[in-house]
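J.: A structural model of the following input is requested.
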Amino acid sequence: MPTPRQANVMNKFIDVSQIIKRKLAGLTSFAALSLSVSLSAHALPLQTTGAGFTPVSETQCFLAGSTERLDCKTYHLPLDYSDPNGDTVEVFAAVMPSRGGKAAGDPLVLLAGGPGQAASEVIQLVDVAFGDLRNGRDVLIVDQRGTGRSHPISCKNVDSEIVTLEDYSEGVKACREAEPLPVRHFNFDNIIRDLEEIRASLGYEKLNLWGISWGTRSAAHYLRRYPDRVRSIVVDGVLPPQVPLVATVADSVERAKRLLVEDCEKSLACIARYPDIDGMINRLLDKAKSGDLVFDGINPLTNERETTEINFIGAVNGLHALFYNADATTSIPYMLDEALKGNLNPWLVFSFNASTDEPPIYPGSFLSIFCGEEMSKVTAASAKAAGSDSFAEDAHYQLWNAGCEAWDYVPAAEDSHEILESDVPTLVLSGNLDPITPPMMGDEWVKSFSNSRHIVVNGTGHNTSFTACMPGLITSFIKNLDVDALDTGCMDHLKRLPIITGPNATVQ
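T.: Residues are numbered from 1 along each chain as shown. Reported below is the predicted structural model:
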């Protein structure tokens, strides 16, 4: 979902900073690209052992975010599985060994979001959430091709002073042409096949899949292709295979805005200070459409003077970025009020605070996956109709389409968007304030999973795995595979924080 730092460094429409634009292109949230460059292999001989592939290198290493030595492996896997003797691509995997005793034969697999995030760059989440689970169970980290240490397609040229859709398309085209490997082979089916080949190589019988945001689609697709290899599934911020993101994104962010308005109306201080949040958003977007929404001043994050026009697409995506984090939503009315007065600094600063800890999305990987899996299924007319009742209109589609038109991708497999039925034990998590994968998507998921449970967490936005006692509930589920035994009373106290009504985060 789309993954979804959803914004993405690919989108420089609001270059007031690299923050406001963050969530523009995907499903999760994010920060500046910090790339681990790896070498790709061209037509190197495949090293196989009868049934599969073996690593071309094995060593112990440390990854940023983890204090433990990991068993790190590099594979040369087919760039195109229909041509197993052709070019290869380097894929990185790491095993975080279990603590104490012999490990079970079913590790936890971290499926990162985006699409286009690297699992190795969210490894710190494992210790935060799953310390107890590691007693007797490995954690498997695989950087999907195109990210992290697996031949990253960083598209650094796209992260320049891009201010129009045409400039963005040109930057994407230049990235595609500069990439030595055909980018169409960094597609979703190949990524899922990579994971299966690495599982087989390591000798694991089954996997416990934990997917966040777009990683929920990865979990579903792996289950579709290899149902006998899945022991359990945890999906957080879910995008069911049968739900088209491009057709729902505008309604999802409109819903998030409506919930903010409703919470403001419950507070005498908020409704007195901001009696018309809808009107403020409309006026701000009207200014963007007319070219009158301009940042002119010292960027508080770079300390450099900037004059930047924020167009409609940039304004929509900048607003959407703030809705991902429930705490950041409390600043939206104040930020809107100040922006309409000509002060865009609060927008910039609150966006930065909401996104500083987010891992990067690799633009090339995002485009190869998202264009194929989502954009190949929609038209401009259907996207425009889908956004007709939302302040976002079809802004997301316009941005995504500008990148996809300049990229080379493989359309989604014919069964990719079919309803998936399963009795695999599955825990489905949603934040009730989620602006990209709202709870209705979790409801849709569990309809076809007979052994599942959907938990909606109040007062949270996109992704809930690290909220309150949720890590313990996830750990208990994976150990015992009993969704009905989970006691969610430890989260009953959660709700949105008070909405800010003045400078210095004043609340009443």
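J.: CA only for contacts and neighbour counts going forward, please
T.: Fine.
J.: C-terminal to the helix or strand encompassing Asp167, what's the next element?
T.: If you go by DSSP states H and E, Asp167 is part of helix 165-178. The helix or strand immediately downstream of helix 165-178 is helix 188-202, counting by DSSP H and E.
J.: name the helices or strands packed onto that next one?
T.: Judged by 3 or more C-alpha pairs under 8 Å, 6 or more residues apart in numbering; DSSP states H and E, helix 188-202 is in contact with helix 214-225, helix 363-373.
J.: Tell me which of the ones you listed is the most buried.
T.: The highest average neighbour count among the helices and strands packed on helix 188-202, using mean count of other C-alpha atoms under 10 Å, belongs to helix 363-373 at a mean of 27.
J.: what angle sits between it and helix 214-225?
T.: 50 degrees (axes from the mean of the first three to the mean of the last three C-alpha atoms, to 10 degrees).
J.: shaky segments in the stretch 351-500 of the chain?
T.: 352-358 (pLDDT under 70).
J.: could you pull out the helices for it?
T.: 363-373, 380-386, 395-404, 439-446, 470-480 (DSSP state H, counting those that start in this stretch).
J.: Kindly present those helices as JSON lines, with separate columns for distance to Asn208.
T.: Formatted as JSON lines, the helices of the stretch 351-500 of the chain follow (distance: least, C-alpha to C-alpha, whole Å):
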{"stretch": "helix 363-373", "distance to Asn208": "23"}
{"stretch": "helix 380-386", "distance to Asn208": "35"}
{"stretch": "helix 395-404", "distance to Asn208": "32"}
{"stretch": "helix 439-446", "distance to Asn208": "18"}
{"stretch": "helix 470-480", "distance to Asn208": "7"}
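J.: Quick one: closest of those to Val235.
T.: helix 439-446 (9.0 Å; C-alpha to C-alpha).
J.: Which positions in the closest one come out as buried?
T.: For helix 439-446, a neighbour-count test (16 or more other C-alpha atoms under 10 Å) marks 439, 441-446 as buried.
J.: can you redo those residues as JSON lines with distance to Phe62?
T.: What follows is the buried residues of helix 439-446, written out as JSON lines (distance: C-alpha to C-alpha, whole Å):
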{"residue": "Pro439", "distance to Phe62": "37"}
{"residue": "Met441", "distance to Phe62": "37"}
{"residue": "Gly442", "distance to Phe62": "36"}
{"residue": "Asp443", "distance to Phe62": "39"}
{"residue": "Glu444", "distance to Phe62": "39"}
{"residue": "Trp445", "distance to Phe62": "36"}
{"residue": "Val446", "distance to Phe62": "38"}
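J.: from those, which is closest to Leu245?
T.: Using C-alpha to C-alpha, the buried residues of helix 439-446 come closest to Leu245 at Met441, 10.3 Å.
J.: show me the contacts for the closest one.
T.: 238-240, 243 (C-alpha atoms under 8 Å, 6 or more residues apart in numbering).
J.: now with 6 Å?
T.: For Met441, the contact set (C-alpha atoms under 6 Å, 6 or more residues apart in numbering) is empty.
J.: what about it, distance to Gly113?
T.: Distance of Met441 to Gly113, computed by C-alpha to C-alpha, to the nearest Å: 16 Å.
J.: tell me the contacts of Gly105?
T.: 204-205.
J.: Can you give me the neighbour number for Lys287?
T.: Around Lys287 there are 18 other residues, counting by other C-alpha atoms under 10 Å.
J.: tell me the SS of Ala272?
T.: Of the three states, Ala272 takes helix according to DSSP: H, G, I helix; E, B strand; the rest coil.
J.: low pLDDT regions in the protein?
T.: Checking the chain against pLDDT under 70 turns up 1-51, 159-163, 301, 352-358, 504-505, 508.
J.: Longest helix in it, please.
T.: helix 245-265 (DSSP state H).
J.: got the buried residues for that one?
T.: Using 16+ other C-alpha under 10 Å as the test for burial, helix 245-265 gives 245-257, 260-261, 263-265.
J.: who touches Val446 in this structure?
T.: Applying C-alpha under 6 Å, 6+ apart, we find Val446 in contact with no residue.
J.: repeat for Leu209
T.: With C-alpha under 6 Å, 6+ apart, Leu209 has these contacts: 109, 233.
J.: Tell me the strands beside the one helix or strand it maps to, with direction?
T.: Using DSSP H and E, the element containing Leu209 is strand 207-212. Strand 207-212 pairs in its sheet with strand 108-111 (parallel), strand 230-236 (parallel), by DSSP bridges.
J.: could those go into a markdown table alongside distance to His454?
T.: Below are those laid out as a markdown table (distance: least, C-alpha to C-alpha, whole Å):
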| stretch | distance to His454 |
| --- | --- |
| strand 108-111 | 19 |
| strand 230-236 | 10 |
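J.: Take the ones you listed and lay them out in TSV including distance to Gln124 and mean neighbour count.
T.: Formatted as TSV, those follow (distance: least, C-alpha to C-alpha, whole Å; neighbours: other C-alpha atoms under 10 Å):
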stretch	distance to Gln124	mean neighbour count
strand 108-111	11	25
strand 230-236	17	24
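J.: The ones you listed: which one's closest to Tyr168?
T.: Per C-alpha to C-alpha, nearest to Tyr168 of the strands paired with strand 207-212: strand 108-111, 28.3 Å.
J.: What is the subsequent helix or strand relative to the closest one?
T.: helix 124-130.
J.: Output that next one as PDB, restricted to C-alpha atoms.
T.: Extracted as PDB, the C-alpha positions of helix 124-130 are listed here (Å, rounded to 0.1, in the frame of the first residue of the first chain):
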ATOM      1  CA  GLN A 124      15.000  -2.500  14.000                       C
ATOM      2  CA  LEU A 125      11.200  -3.200  14.100                       C
ATOM      3  CA  VAL A 126      12.000  -6.900  14.900                       C
ATOM      4  CA  ASP A 127      13.600  -6.200  18.200                       C
ATOM      5  CA  VAL A 128      10.900  -3.600  19.100                       C
ATOM      6  CA  ALA A 129       8.000  -5.900  18.400                       C
ATOM      7  CA  PHE A 130       9.100  -9.500  18.400                       C
END
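J.: Touching that helix from outside, list them.
T.: The contact list for helix 124-130 (C-alpha under 6 Å, 6+ apart) reads 65-66, 471.
J.: Which one (most neighbours) among these?
T.: Pro471 (20 neighbours).
J.: For Val142, see how far away Thr426 is.
T.: 21 Å.
J.: now swap in Arg225 and tell me
T.: 18 Å.
J.: cool, and Ala94?
T.: 6 Å.
J.: picking up where we left off before, can you put the contacts of helix 124-130 in a markdown table and add distance to Leu293?
T.: Output for the contacts of helix 124-130, formatted as a markdown table (distance: C-alpha to C-alpha, whole Å):
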| residue | distance to Leu293 |
| --- | --- |
| Gly65 | 39 |
| Ser66 | 43 |
| Pro471 | 42 |
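J.: closest to Gly342 among these?
T.: Proximity of the contacts of helix 124-130 to Gly342 (C-alpha to C-alpha) peaks at Gly65, which lies at 39.4 Å.
J.: phi, psi of that closest one?
T.: Torsion angles at Gly65 (phi, psi; degrees, to the nearest 10) stand at phi 100, psi -10.
J.: Could you say which one of the helices of the stretch 351-500 of the chain comes nearest to Asn345?
T.: Per C-alpha to C-alpha, nearest to Asn345 of the helices of the stretch 351-500 of the chain: helix 395-404, 23.1 Å.
J.: Nothing else from me, thank you.
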